[in-house]
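Visitor: Pasting the sequence and the predicted coordinates here, then a few questions.
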Amino acid sequence: MRHWAPPAPDNPFSTPRALRVLCIEDSELDYQLLLHTVVADWPDAETTRVENEANLVEALRGATWDIVLSDHQLPDLTSTRALELVQQWQASVPFIIVSGQMGEDLAVEAMHNGADDYLIKGRLTRLPVAIARAIESAKLRRSQKKAVQDLEASEARLREFALYLTNIRERDREVVRKEIHDTIGGSLLAANFALKRLERMSLDTQVASPAGTELAKQIHEVEQFVQMAVESSQKLYSGLRTSLLDQGLIPAIEWQMTQLKKRALITPHLATNPRDISLPVAIAIPLYDAVRELIENVEKHSGAENIWCAVFLVDAELSIEVRDDGKGCTIGQLLGSRGFGIFAARERVRAIGGTIDFDAVHEGNATGLSALITVPISEPPSGGDK
């Protein structure tokens with residue numbers, strides 16, 4: 001049953017369009033009292049009455065409502081069931097129970113389950129305020145929900161961007177690695193062989209000539225420079241990730257720890273169980289990237305004297321802990337404006353079903369930071385990287 005009231009002056013609770021009220025009530029008299037109270041403050045309100053579950057579902061499916069007012073105990077429907085249906089079909093619509101038969105315990109339970117308010121029939125003077133407050137609360141909930149959804153969408157886009165940048169970096173590394181090996185390295189080796197031939201030719205054909213001797217000397221010096229370039233290119237080639245992972249995840253981590261000691265005088269401590277853990281490349285690459293990022297973070301920001309790395313495989317779960325005895329920091333600082341590398345590493349681990357958790361270290365007077373990478377391994381590691 002729908003009623004349209006005649007126009008009246010605006011009120012403090014007026015909405016841009018007519019307030020749409022769904023009443024769940026089996027008593028026509030009680031419904032008219034509710035209607036009179038609502039119309040007094042919302043003269044242009046549109047109301048509809050239902051009194052059983054089928055009519056309620058039909059009303060919820062057929063229109064959008066601003067407020068639902070429900071009796072507690074109807075012959076074919078309870079307020080508890082009505083609230084469940086409203087939350088199922090229009091979860092953001094506020095729900096107020098108006099009843100004279102509902103005890104305080106049931107009212108508290110209804111509020112706990114999602115009802116916005118409870119009023120006693122015969123005391124409806126508070127109904128307009130309760131409706132206005134419930135509608136504002138519903139607007140706030142919708143705004144909060146949208147804010148959460150927007151934040152989640154933004155984080156998802158940021159995760160995608162982080163993975164995209166990481167993949168670009170890995171692609172560029174592979175291009176550089178191939179260029180160093182196939183072009184630069186090959187050209188330098190060819191130049192080195194050519195210089196050796198020139199050196200021998202100059203010594204063979206102009207033994208007695210001072211100019212020939214000087215030429216051979218200069219060729220030898222150039223040869224040494226070329227050899228240095230060859231060695232540098234080989235080191236650069238070996239330092240790229242894919243080459244390191246050819247030896248396995250743990251040797252690659254061990255190499256990073258050794259380099260850290262050379263560069264920053266930070267003493268490394270590595271423990272593994274088992275000693276040899278071979279993983280598919282799809283898992284080894286993001287794991288190694290994450291560990292490398294954590295190690296570099298210790299070098300750049302911690303001021304540590306020691307770094308510990310523990311790699312353990314228990315059942316079907318691989319755990320890698322990186323811990324230092326540096327000055328430590330908060331998680332906010334770690335993931336702040338300068339923490340994109342850590343963020344990207346965390347997202348790469350997340351992409352393979354893993355997590356990275358951080359915790360401050362406090363042992364006596366010592367401080368530091370601990371990071372724990374945990375990744376489920378669906379198949380037992382064996383053989384070598386695949």
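Guide: Okay, I see it.

Visitor: Quick check: can you name the pairing partners of the longest strand anywhere in the chain and their directions?
Guide: Looking across the chain with DSSP state E, the single longest strand is strand 366-376. Strand 366-376 has the following strand partners under DSSP bridges: strand 317-324 (antiparallel), strand 355-363 (antiparallel).

Visitor: What segments of the protein are helices?
Guide: With helices called from DSSP state H, the chain shows them at 28-41, 53-62, 79-89, 104-113, 127-178, 186-205, 210-239, 241-245, 249-264, 281-297, 331-334, 340-351.

Visitor: With just CA atoms, put stretch 348-358 into PDB.
Guide: Listed next in PDB are the C-alpha coordinates belonging to stretch 348-358 (Å, rounded to 0.1, in the frame of the first residue of the first chain):
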ATOM      1  CA  ARG A 348      56.600 -10.100  -5.900                       C
ATOM      2  CA  VAL A 349      56.500 -12.500  -3.000                       C
ATOM      3  CA  ARG A 350      52.800 -12.000  -2.600                       C
ATOM      4  CA  ALA A 351      52.400 -12.900  -6.300                       C
ATOM      5  CA  ILE A 352      53.700 -16.400  -5.600                       C
ATOM      6  CA  GLY A 353      51.500 -16.800  -2.500                       C
ATOM      7  CA  GLY A 354      54.000 -15.700   0.100                       C
ATOM      8  CA  THR A 355      54.300 -12.900   2.700                       C
ATOM      9  CA  ILE A 356      57.000 -10.700   4.100                       C
ATOM     10  CA  ASP A 357      56.500  -9.700   7.800                       C
ATOM     11  CA  PHE A 358      58.700  -7.100   9.600                       C
END
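
Visitor: buried residues in it?
Guide: Neighbour-count burial for stretch 348-358 flags 348-350, 352, 354, 356, 358 (criterion: 16 or more other C-beta atoms under 10 Å). Every C-beta, even on glycine, is put in place using the N, C-alpha and C of the backbone.

Visitor: any idea how far residue 184 is from the nearest residue to residue 195 once chain neighbours are set aside?
Guide: Closest residue in space to residue 195, ignoring its immediate chain neighbours: residue 223 at 4.2 Å, by C-beta to C-beta, 6 or more residues apart in numbering. Using C-beta to C-beta, to the nearest Å, we find residue 223 at a distance of 17 Å from residue 184.

Visitor: how about residue 327, what does it touch?
Guide: Taking C-beta atoms under 8 Å, 6 or more residues apart in numbering, we find residue 327 in contact with 302-304, 367-368.

Visitor: For it, give its distance to residue 368.
Guide: Distance, residue 327 to residue 368, by C-beta to C-beta: 8 Å.

Visitor: Throw the strands paired with strand 366-376 into JSON lines and include distance to residue 97 and mean pLDDT, thanks.
Guide: What follows is the strands paired with strand 366-376, written out as JSON lines (distance: least, C-beta to C-beta, whole Å; pLDDT from 0 to 100):
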{"stretch": "strand 317-324", "distance to residue 97": "49", "mean pLDDT": "93"}
{"stretch": "strand 355-363", "distance to residue 97": "43", "mean pLDDT": "80"}
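
Visitor: Mean neighbour count, these: which tops it?
Guide: Counting by mean count of other C-beta atoms under 10 Å, strand 317-324 has the highest mean neighbour count of the strands paired with strand 366-376, with a mean of 21.

Visitor: quick check: angle from that one to helix 281-297?
Guide: On the basis of axes from the mean of the first three to the mean of the last three C-alpha atoms, to 10 degrees, strand 317-324 is oriented at 10 degrees to helix 281-297.
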